[in-house]
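A.B. asks: pasting the sequence and the predicted coordinates here, then a few questions.
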Amino acid sequence: MKRKRCSECKELKPLSEFYTHKQMKDGRLNKCKSCKKKSATRRQAELTRKARAYDQAKKDRGESMWRCERCKNPISMAYCKGANSFPPKLCGDCETRAIREKMQACILPAESHRK
Ligand SMILES: [Zn+2]
Ligand SMILES: [Zn+2]
């Protein structure tokens, strides 16, 4: 009986243990059925986790009463809790940008003065 090594568990298994796959050279997937199932379960878990995180993010946005003054995006509750000012005026991204701009504004006149 023809055997094939699974790329995942490295075990030699009969071809019947591999799903068929047209694009593969030998017409079979390089992962055995049980590994394929395992990775499918893992992917499913990952998708569920992502969906949950997305739901949470949506909830966070819904709960937020503040919007960023610059980009008008709602500021997440999670960010509000960690923000320097309360209520926060800017979202995390704009805050970072504002700090950078402020720093540049401080540096530039000093440099032009020196010249
Ligand atoms: Zn395997
Ligand atoms: Zn913003």
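C.D. replies: Received it, and whenever you're ready, just let me know what you need. Numbers count the residues shown, from 1 in each chain. Ligands and ions are numbered 1, 2, ... in the order given.
A.B. asks: now check the top helix by length along the chain, is it near ligand 1?
C.D. replies: The helix that spans the most residues within the chain, counting by DSSP state H, is helix 33-63. Yes: with C-beta under 5 Å from the ion as the criterion, ligand 1 is reached by helix 33-63 at Cys35. C-beta here means a position set from N, CA and C on the backbone, and glycine is covered the same way.
A.B. asks: by contact count, what packs against that helix?
C.D. replies: strand 18-20, helix 77-82 (3 or more C-beta pairs under 8 Å, 6 or more residues apart in numbering; DSSP states H and E).
A.B. asks: swap in 10 Å and give it another go.
C.D. replies: strand 12-14, strand 18-20, strand 28-32, helix 77-82 (3 or more C-beta pairs under 10 Å, 6 or more residues apart in numbering; DSSP states H and E).
A.B. asks: can you tell me how far the spatially most central residue of the chain is from ligand 1?
C.D. replies: Geometric centre of the chain, nearest residue: Lys50, 8.3 Å, by C-alpha atoms, centre = their mean. Between Lys50 and ligand 1 the distance is 25 Å, computed by C-beta to the ion, to the nearest Å.
A.B. asks: residues contacting that residue?
C.D. replies: For Lys50, the contact set (C-beta atoms under 10 Å, 6 or more residues apart in numbering) is empty.
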